[in-house]
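K.L.:
Predicted coordinates and the sequence they were generated for:
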Amino acid sequence: MSVFQFATSGWVVLVLGLLTPLVFIVVNHEVRIRRIKLIEEFRRNLLEGNAKGPVRTPHSPSFEFVVTKYIIDLFPLIDPERIERIRADGASSLTSRELYELVAKARLYRIPANRALLVAFVPYALAVSAVTMLLFGAWPDPVCRLVEFVAGPQGMKLLTVGLLGAYFYTLRYLMRAVSVFDLSGRTALRAFGHFLETAIVVLAYGTILDRLGLGLRPEGASEAASQGVGEGLVVLGAFVIGCVPDAGIQFLYTIGRQLTSTRAIGWLFQLIKRSDNRFNDSTLSVSLDVIDGIDFSTRYRLEEIGIYEVQNLATFNPILLHVESPYGIYQAIDWVAQAQLCIIVGLERFMVLRQYNIRTIFDLERVVQSRRTTHQLRRIVGSILFTPTCALSSVVAAAGPGGFQVRPIGANDNESFETYTRRLVGEPSRIFTENPHFDEDDPKKAPRYVLSAEDVDATILHVVRTIVDDLHVHRLREIWERIARSLGRDAESLDDSIDTLRPQPCADAERPDPLPSPRPPSQAHSAGTGAAVEPGATSHQQPDHRRDLGDDGAGADDVAGEAADPGAGPQPEAEDGGDR
């Protein structure tokens, strides 16, 4: 090596070995500052809404986690009394002024976590320097001869290509850590450990190929062409071992399993516990492409923050998704709500429900559990939820002969499990409910819970109530409700909606409320229901709200009807109450 080559390689080693970790630390600091400002603006505009003065949003665990994630390393810059207040009231108790003052103090060199990162990246910088020296051929001859003795004549080439692949992998790994704000000492040590793992596995890979000669020469090819193709495959394998984590270990494990019948080292692999792979075809990963609004480019951006499939998206904090990605909070909430419905009911049922405009977990909850839903709508959704899918058939088939067979309890002769399930779901059921006559002072007087009346929708209601009772759904519902309250009541529905119509307040406080307009005899209310009945119609027909509104909007619903007629008093509920 000439002096010029040595000097050039020295500068490259210095730049790649020292500048690479420093760049990641600086970018990670800038990401922290920008996202703290974004979090504060999100709180002011969406969680607090139109609140005036120094009013703070009530404690929200979802939002609290996001704030704490980005300011926990800034605690050494905060006064001790403020730290005690944060620990007592939460990180969201900081006012906007205090938060921006903290951001102004957060210089790169003043944060102890950044100084610790510089020390943690020293092994990684040494590994990058070693890779650079390999590229320039600056390694000492004794080291080269040792590598060739262990891995054969191709040893140095395989080691160089493998470590180069490891360098590209660690760059992507560190960029992803910065995207999700996970750059820490553990991240730096893991990147360095990947270099060590790659070097060991590549040497073992070269040793196996050199000593055993595992099919590097295709049949029917000339010797020269065969040798070129074989060398290309060997080099490509070394690069893949460096680029893909655990790929080399999996390769060695597969080769070892194939050698278990020999007297070589194969017996060692018999000691490793094997996995049950019978149900791999039934436990496929659901791609993010099934979610409305996610395409290839969007999926690639989501993978940068650790979201690879629908289950990852369903359990992700939507506030964190908004902060750590370029997508808005409403888009993030919609994606998470779709993903939660998909993983709860399954991909096939999710696609079918979407054809009926039920596309999020809250749509399912409102369609089944709303007090304004109908019995017919519940039966439609229940029929979809209890329809067997291909996954059930594949699970039974994968279990093998006699592996898993569902035998219905109390089924009729020759009744299939599908018919048995649908028959039970359609039967009336009774559930335990709170006893209104229960007395806390005298619990023996009456039981706390009593059986309700028979309800044909009880089974469907309880199934939906169970599947939406999930911590991730609770968190999303809490965020949904807070943002809805910040938008105000005007955003709930349009002004001419039957859910919005209210009696208009008088211009003069002393002016009496106007009486409702007289109705034609054909629209007189049926006794006990308050519903307008057409001539010749029975009382079992559903009321026509459009006909019942009249010119003044009275009778749009129970509340509007009572307010429009102060002297009418409360109306009794209809026989097929709102819960049905």
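P.N.:
All right, it came through fine.

K.L.:
tell me, how many neighbours does the spatially closest residue to residue 323 that is not a sequence neighbour end up with?
P.N.:
Excluding the flanking residues, the one nearest residue 323 by CB to CB, 6 or more residues apart in numbering is residue 35, at 5.3 Å. Every residue, glycine included, has its C-beta placed from N, CA and C. Residues near residue 35, counting by other CB atoms under 10 Å, number 18.

K.L.:
repeat for residue 439
P.N.:
So residue 439, with other CB under 10 Å, has 11 neighbours.

K.L.:
ok so, going back, the residue nearest to residue 323: which element?
P.N.:
helix 20-42 (DSSP states H and E).

K.L.:
What helices and strands are in contact with that helix?
P.N.:
The helices and strands touching helix 20-42, judged by 3 or more CB pairs under 8 Å, 6 or more residues apart in numbering; DSSP states H and E, are helix 61-71, helix 96-105, helix 112-120, helix 122-135, helix 155-179, helix 318-323.

K.L.:
one step back: identify the residues contacting the residue nearest to residue 323.
P.N.:
Residue 35 makes contact with 70, 181, 323-324 under the criterion CB atoms under 8 Å, 6 or more residues apart in numbering.

K.L.:
Out of these, who's the most crowded?
P.N.:
Most neighbours among those, by other CB under 10 Å: residue 324, with 24 neighbours.

K.L.:
these two touch, right, that residue and residue 178?
P.N.:
No - counting by CB atoms under 8 Å, residue 324 stays clear of residue 178, with 10.3 Å between them.

K.L.:
returning to what we had before: how far away is the residue nearest to residue 323 from residue 20?
P.N.:
Distance from residue 35 to residue 20, counting by CB to CB, to the nearest Å: 23 Å.

K.L.:
what's the most distant pair in the contacts of residue 35?
P.N.:
70 and 324 (10.1 Å; CB to CB).

K.L.:
and for the two, which residues touch both?
P.N.:
Counting by CB under 8 Å, 6+ apart, the residues touching both residue 70 and residue 324 are 35, 181.

K.L.:
out of the helices and strands packed on helix 20-42, deepest packed?
P.N.:
With neighbours defined as mean count of other CB atoms under 10 Å, those peak in mean count at helix 318-323, which reaches a mean of 22.

K.L.:
hang on, the earlier thing: which of the contacts of residue 35 lies closest to residue 316?
P.N.:
Distance to residue 316 across the contacts of residue 35 (CB to CB) is lowest for residue 324, with 9.6 Å.

K.L.:
quick one, what contacts the closest one?
P.N.:
Applying CB under 8 Å, 6+ apart, we find residue 324 in contact with 35, 179-181, 305.

K.L.:
Give me the angle between the helix holding residue 35 and helix 112-120.
P.N.:
Here helix 20-42 runs at an angle of 160 degrees relative to helix 112-120 (axes from the mean of the first three to the mean of the last three CA atoms, to 10 degrees).

K.L.:
Counting neighbours, which bits of helix 20-42 end up buried?
P.N.:
Under the neighbour-count criterion of 16 or more other CB atoms under 10 Å, helix 20-42 has 20-21, 24-25, 28-29, 31-32, 35-36, 39-40, 42 buried.

K.L.:
For the closest residue to residue 304 other than its chain neighbours, give its distance to residue 307.
P.N.:
Once flanking residues are discounted, residue 304 sits nearest to residue 179: 4.6 Å by CB to CB, 6+ apart. Distance from residue 179 to residue 307, counting by CB to CB: 11 Å.

K.L.:
pLDDT of stretch 32-48, averaged?
P.N.:
Averaged across stretch 32-48, pLDDT comes to 83.

K.L.:
on that earlier part again, going by distance to residue 283, which of the contacts of residue 35 wins?
P.N.:
Nearest member of those to residue 283, counting by CB to CB, is residue 324, at 28.3 Å.

K.L.:
The lengthiest helix in the chain - contacts with which helices or strands?
P.N.:
The single longest helix within the chain, with elements called by DSSP state H, is helix 185-212. Under the contact criterion of 3+ CB pairs under 8 Å, 6+ apart, helix 185-212 touches helix 112-120, helix 122-135, helix 141-151, helix 155-179, helix 223-243, helix 247-258.

K.L.:
In JSON lines, list those helices along with mean pLDDT and distance to residue 206.
P.N.:
Below are those laid out as JSON lines (pLDDT from 0 to 100; distance: least, CB to CB, whole Å):
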{"stretch": "helix 112-120", "mean pLDDT": "89", "distance to residue 206": "31"}
{"stretch": "helix 122-135", "mean pLDDT": "85", "distance to residue 206": "14"}
{"stretch": "helix 141-151", "mean pLDDT": "77", "distance to residue 206": "3"}
{"stretch": "helix 155-179", "mean pLDDT": "88", "distance to residue 206": "5"}
{"stretch": "helix 223-243", "mean pLDDT": "69", "distance to residue 206": "8"}
{"stretch": "helix 247-258", "mean pLDDT": "65", "distance to residue 206": "11"}
